[in-house]
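Participant: fold the following for me, if possible:
(one chain, ligands or ions: 2)
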Amino acid sequence: GMYLIDQHAAKERVNYEIYREKLGNPCNDFVNLLFPITIELSSDEFIILKENFDVLRNIKIDIDEFGINSVIIKSHPVWLPKGYEEEALRKIIEVVLNKQKDFSIYKFNESIAIMLSCKMSIKANTNITIKEMENLIDDLRQCENPFNCPHGRPTIIFYSLSELEKQFKR
Ligand code: ZN
Ligand code: ZN
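Facilitator: Ligands and ions are numbered 1, 2, ... in the order given. Modelled structure (predicted):
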């Protein structure tokens, strides 16, 4: 038969299982920033964030108050995507600011893992080499659930030989 694989969804699944594992592991190593990141917030956001510093510190993000309605981040976990650290930190803060009433650490970790896995996946319409395709399929094969992306969309569509023959009126 024939397998059609969605490269974005497939890579998302591979990334998701990696981030989920990292987030679930409390003894993560962290990186001290040479240049700490400061983020300005609205006063409402600042209040919400301040109440949730422990959620961030729990995943090795060293965050503190820094003047009026600003925060400073001095270190972050090693597994943040290279080159996208600040963007990832801002996204993580966004998740905290939008947290729901039924918030739990599990759900928080889950939404961070999904957000990062999408961010770090191959974009649609990006050409990848045969080698990259093979690596992706190998990585997908190692996944606990290779058939869906973390949003629940399929990564693989399968057409059996008989289905294909039927399509060609054989
Ligand atoms: Zn995505
Ligand atoms: Zn997805």
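Participant: strands of the chain, start to end?
Facilitator: 2-5, 30-40, 62-65, 70-77, 156-159 (DSSP state E).
Participant: ok and the second one relative to strand 70-77, angle-wise?
Facilitator: Note on geometry: by axes from the mean of the first three to the mean of the last three CA atoms, to 10 degrees, strand 30-40 and strand 70-77 are set 160 degrees apart in direction.
Participant: and strand 30-40, which residues are buried?
Facilitator: 30, 33, 37, 39 (16 or more other CB atoms under 10 Å). C-beta: built from backbone N, CA, C; applies to glycine.
Participant: give me the sheet partners of it and which way each runs.
Facilitator: strand 70-77 (antiparallel) (DSSP bridges).
Participant: quick check: mean pLDDT of stretch 44-60?
Facilitator: Averaged over stretch 44-60, pLDDT sits at 91.
Participant: so how far is that stretch from its chain's centroid?
Facilitator: 19 Å (CA atoms, centre = their mean, to the nearest Å).
Participant: just the endpoints, please. Distance across that stretch?
Facilitator: End-to-end distance for stretch 44-60: 24 Å, by CA to CA, to the nearest Å.
Participant: list the buried residues in that stretch.
Facilitator: Residues of stretch 44-60 classed as buried: 45-46, 49, 52-53, 55-56, 59-60 (neighbour count, 16+ other CB under 10 Å).
Participant: and which of the residues you listed is nearest residue 82?
Facilitator: Closest to residue 82 out of the buried residues of stretch 44-60 is residue 60 (16.1 Å), distances taken as CB to CB.
Participant: next one: phi and psi at that closest one?
Facilitator: phi 70, psi 30 (degrees, to the nearest 10).
Participant: contact partners for it?
Facilitator: By CB atoms under 8 Å, 6 or more residues apart in numbering, the residues touching residue 60 are 28-30, 75-77.
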